[in-house]
Structures are given as C-alpha cells and as structure tokens.
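>>> sequence and predicted model, in that order:
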Amino acid sequence: MEKFIAIGDIHGCLEQLREVIYQLAPYSNDHKLIFLGDYIDRGPDSDGVLTYIRNLKAIHLLGNHEKSLLDFCSNISHKRMLEILRYKNISEDNFEWMKIHLKLFHETENYFFSHAGLNPKKKFVEQNYEDLLWTVYKGSLTHITNKTVVQGHIHLDPPLITDSHIVIDTNCGLGGFLTGIVLPEKILITSKTRSNPPPVRRYF
C-alpha cells in the first residue's frame, strides 16, 4: 500500500513547519514525505524553510513561487541575482539547491502530486508546466485520471478532501495555518499556531 505524508504551501513559515513535522512523527517511519511547493515568500524565513526541508528525506516539488524566482534570475546578471536573493532572504546555496532538486510532479499507481493539480480542460498527457503550477480548480478530475490528485496552491479552509482530489493550502504565510495530510488514511495535521500576515512589500 502506498503511504504518504503531503505538506501544503509553507511560504517562509518555519515555526508552523516545525509544528506540523513534530505532529507527523508517529507516521514518519512508514509514510513517504512529500512537499507540494511554495516554500518561499510572504513568511519571515524563506531561507530557514529551505534549509530545513532539504535536510529531510523527502520528495520536494516545485511551486509557482520557486518557478517565478528561478525564471526571473535566469535572465539577469549574477550581481543582480544576489541582490534579489538578499531581498528575499534566500542564500545562494539554497537557491542553487532549488535549481537542481525540485520536481514538477510525482506520480504513483494511485496518486498524482503537483503544486497546482491538473488543468481540467486538458488530457492527462497534455499537461505542462503552466498547468501543474498555476491551475486554479477544485472540482472533480475523474474525467482526466483515476488517480487521486493531491495539491496545494488554492487557498481553502477547510481543505478539500475527496476520493479524487485533495487540496491542502490553508493560507500559511497570509495569516492562515500550515496543513499536512497522511495518506491513504486522510488524517489532517494542522500547525498549532497561525502564520502572521506578511508586511506590505514588493517582491521584485
């Protein structure tokens, strides 16, 4: 039986991440850990979150926030890139780790994990980067796949939990909580504390 722990959008909230990981300890020996992307921005410690997750045995998926940063920095000078990373509180070492280790999706016999799920208007084999990172859809996806689709990206509180579609972004980094789910048991784990809303600022 496939067993997973999926954790939704963290957005720089290291305190809430530690709270969720602590609560998930009873399941950690026989469940594979998978992060659904969006580790950075909004919260107070993007770099701390990256350092923490990269030291955990896990599958690390790409989120639209990481993709936007990686794309932006691919077209500027190294000096300008370092300025952006300092502004966003991300070390160059963690930035380089993101470039190499973040996956677009993870697929198994029974599950499909991606940051933003699937585009309901396209066939399964036609899905691309934009679909898997930016789609906003919370309905049934059984017309595309018989797998359970597990994602973050869409702010929902409470999370969406059905047999075919699971969405566990509960607005962490924007005043909400961080949520994880134990699968196949469908046990929800939520941070003990609520994240603080971010200061008003531009990102780049």
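That came through, no problem.
>>> would you put the C-alpha positions of the longest strand along the chain in CSV?
If each strand of the chain is counted by residues according to DSSP state E, the longest one is strand 148-155. The C-alpha coordinates for strand 148-155 follow below in CSV (Å, rounded to 0.1, in the frame of the first residue of the first chain):
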residue,chain,number,x,y,z
THR,A,148,-6.2,10.8,-6.6
VAL,A,149,-4.7,14.3,-7.3
VAL,A,150,-3.0,15.9,-4.3
GLN,A,151,-2.0,19.6,-4.5
GLY,A,152,-1.6,22.9,-2.7
HIS,A,153,-1.8,26.3,-4.4
ILE,A,154,-5.5,27.1,-3.9
HIS,A,155,-6.3,28.8,-0.6
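>>> quick check: mean pLDDT of it?
If you average the pLDDT over strand 148-155, you get 98.
>>> with adjacent residues omitted, what lies nearest to the most centrally placed residue in the chain?
Per C-alpha atoms, centre = their mean, the C-alpha nearest to the average position across the chain is that of Gly37, at 2.3 Å. In space, not counting the residues next to it along the chain, Gly37 is nearest to Gly63; the distance is 2.6 Å by C-beta to C-beta, 6 or more residues apart in numbering. The way it works is simple: take the backbone N, C-alpha and C, and place the C-beta from them, glycine included.
>>> same deal with Ile59?
Ile34 (4.2 Å).
>>> that neighbour - that's part of a strand, no?
Yes. Assigned with DSSP: H, G, I helix; E, B strand; the rest coil, Ile34 falls within a strand.
>>> ok, it - contacts?
With contacts taken as C-beta atoms under 8 Å, 6 or more residues apart in numbering, Ile34 has the following neighbours: 4-7, 58-61, 106, 113.
>>> if we use 6 Å, what do you get?
4, 6, 59, 113 (C-beta atoms under 6 Å, 6 or more residues apart in numbering).
>>> quick one: the second one is in a strand?
Yes. Secondary structure of Ala6 (three-state DSSP): part of a strand.
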